[in-house]
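S.K.: What shape does this take:
(one chain, ligands or ions: 3)
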Amino acid sequence: MDEATVRARLARLQIETPSWGYGNSGTRFHVYPWPGAARTVYERIDDAALVHRLTGCCPSVALHIPWDAVDDYAALRKHAEADGVTLGAVNPNLFGADGYRLGSLCNPDPAIRGRALDHCRECIDIARTVGSTAISLWLADGTNYAGQDDLALRFARLTEGLEQLYAELSDDLTLLVEYKFFEPGFYSTDIPDWGTAALLCKRLGPRAKVLVDTGHHPLGTNVEQIVALLLSEGLLGGFHFNNRKYADDDLIVGSVDPFELFRIMREIARADATETVAFMIDQSHNVEGKIDAMVQSVMNIQTAYAKALLVDEDALAGAQADGDVLGAHRILLDAYETDVRPILARLRAEAGLEADPVAAFRSGGYAAERERERGTTSVVSAYQSGDTSGTTTESP
Ligand code: RM4
Ligand code: MN
Ligand code: MN
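M.R.: Residues are numbered from 1 along each chain as shown. Ligands and ions are numbered 1, 2, ... in the order given. Modelled structure (predicted):
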């Protein structure tokens, strides 16, 4: 592919950043406050807008409700639009309340299941008001002990709840169904894998699609194969990009395994799927700054995609047809090892952007400005305080 085509394809890649990536977050051991970190949803949107100004490719920001709950969503939308961004996927939060101890849509208590559905309905309304096109659903539902609940019944409750939810979506809304193999449940999880998510989506209908969070698989899983399969079945709705070494670590995208990211983006490049799939980041920054880490993630996705676009697909198909195992592999390596920084620098220059948006953030005075305006806000975690009354963690 010639460079002009690579740049044109790259220019079509848009990445949504998550509001929850801009606030303070931590582990259950401690939340270390970052100077100038966003304190409110308005500030989180402001930071997402800065990421868009620096990168030129992050025009929307995902919301998590109730973390981002406000009284007036029309005003929130106006705030975002004045900042130059739109509001993206609305993520219902079906885990952050006492009633959800035994689950949300799978809870044995019909009253709790009803409450979970009501929350999803509220999120549909919010999505309409803010102009969003996606409800992104991740359930923390699962169990901790064999025998704790009836697994088949839980699945029946799940399908019933999702069917009700799906029936209430308007035509312009997609339901993204996210799976994760464990955590917070340690014995069973109600949507543990892509197969279960795909089964559910097929049952629901064409507006339900699978969301692949790259940190949600057992170690060693071939994620790009899942992506290839979902793409060919028309079932891939979106990504939550992050990176992991052990579990759901939510680290900077591509920081642990950039080659895996490349392999995933190659499947996207091959299927030319940047317009049909939602590219979203789902990460939290526990010990690093928030904004430049987000920008780094965005750059790493662009880098992987640029390399993926450079794969000589004709030569690769030829090598595969000839059974040339090493030859085929080397065609991938050849693209992966290409230094694409000059291409990306030219892409950014064309858009009036700095070649290195992280450096632009670091030299632009943005961090000092935020620290001055916002100060440093300590967050007391429930685990740390012992007495949990009135304490909050801003995000997981
Ligand atoms: C989950 C999952 C969801 C995210 C929550 C906070 O592990 O990745 O997408 O919204 O964390
Ligand atoms: Mn996720
Ligand atoms: Mn996760």
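S.K.: Quick check: residues of the chain near ligand 2?
M.R.: 213, 240, 282 (C-beta under 5 Å from the ion). (C-beta placed from N, C-alpha, C; glycine too.)
S.K.: Assign the nearest residue to residue 216 once chain neighbours are set aside to helix, strand or coil.
M.R.: Excluding its sequence neighbours, the residue lying closest to residue 216 (C-beta to C-beta, 6 or more residues apart in numbering) is residue 180, at 3.9 Å. Three-state call for residue 180 (DSSP: H, G, I helix; E, B strand; the rest coil): coil.
S.K.: How about the residue of the stretch 101-250 of the chain found nearest ligand 1: what's its closest non-neighbour residue?
M.R.: Residue nearest to ligand 1 within the stretch 101-250 of the chain (C-beta to the nearest ligand atom): residue 138, separated by 3.8 Å. Excluding its sequence neighbours, the residue lying closest to residue 138 (C-beta to C-beta, 6+ apart) is residue 178, at 4.0 Å.
S.K.: Now that the one you found has come up, it's in contact with residue 141, right?
M.R.: No. Counting by C-beta atoms under 8 Å, residue 178 stays clear of residue 141, with 12.0 Å between them.
S.K.: list residues touching both of these two?
M.R.: residue 191 (C-beta atoms under 8 Å, 6 or more residues apart in numbering).
S.K.: Please tell me how far residue 236 sits from residue 134.
M.R.: According to C-beta to C-beta, to the nearest Å, residue 236 and residue 134 sit 13 Å apart.
S.K.: before we move on, back to that, can you report how many residues lie near the residue nearest to residue 216?
M.R.: Number of residues near residue 180 (other C-beta atoms under 10 Å) recorded here: 23.
S.K.: where's residue 224, which helix or strand?
M.R.: helix 223-232 (DSSP states H and E).
S.K.: just residue 210 next, same as before
M.R.: Going by DSSP H and E, residue 210 is part of strand 208-213.
S.K.: Just list what that strand packs against, helices and strands only.
M.R.: Of the remaining helices and strands, those touching strand 208-213 by 3 or more C-beta pairs under 8 Å, 6 or more residues apart in numbering; DSSP states H and E are strand 134-138, strand 174-178, helix 194-204, helix 223-232, strand 236-241.
S.K.: rewinding a little: help me confirm that the residue of the stretch 101-250 of the chain closest to ligand 1 comes into contact with residue 184.
M.R.: No. Between residue 138 and residue 184 there is no contact under C-beta under 8 Å: 11.4 Å.
S.K.: of these two, who's got more company?
M.R.: Between residue 138 and residue 184, counting by other C-beta under 10 Å, residue 138 is the more crowded of the two (22 against 13).
S.K.: Can you give me the distance of the more buried one to residue 152?
M.R.: Taking C-beta to C-beta, one finds residue 138 at 22 Å from residue 152.
S.K.: distance of residue 35 from ligand 2?
M.R.: Separation of residue 35 from ligand 2 (C-beta to the ion, to the nearest Å): 27 Å.
S.K.: Just the buried residues of the helix holding residue 224, please?
M.R.: 223, 224, 226, 227, 228, 230, 231 (16 or more other C-beta atoms under 10 Å).
S.K.: Check those residues against residue 56 and report the nearest one.
M.R.: residue 227 (25.1 Å; C-beta to C-beta).
S.K.: check contacts around the spatially closest residue to the closest one that is not a sequence neighbour.
M.R.: Leaving aside its sequence neighbours, residue 227 sits nearest to residue 267 (C-beta to C-beta, 6+ apart; 4.6 Å). Residues near residue 267 by C-beta under 8 Å, 6+ apart: 224, 227, 228, 231.
S.K.: Same question for residue 243.
M.R.: Residue 243 touches 214, 215, 249, 251, 252, 253, 254, 255, 256, 257, 261, 283, counting by C-beta under 8 Å, 6+ apart.
S.K.: Give the full set of residues in contact with residue 197.
M.R.: Residue 197 neighbours (C-beta under 8 Å, 6+ apart): 177, 178, 179, 191, 210, 211.
S.K.: what do you get if the cut-off is 7 Å, keeping everything else the same?
M.R.: 177, 179, 191, 210 (C-beta atoms under 7 Å, 6 or more residues apart in numbering).
S.K.: and if you look at residue 212?
M.R.: Counted by C-beta under 7 Å, 6+ apart, residue 212 has contacts 194, 223, 226, 227, 236, 239.
S.K.: Just the pLDDT at it, thanks.
M.R.: Model confidence at residue 212, given as pLDDT, is 99.
S.K.: what sits opposite it in the beta ladder?
M.R.: residue 239 (DSSP bridges).
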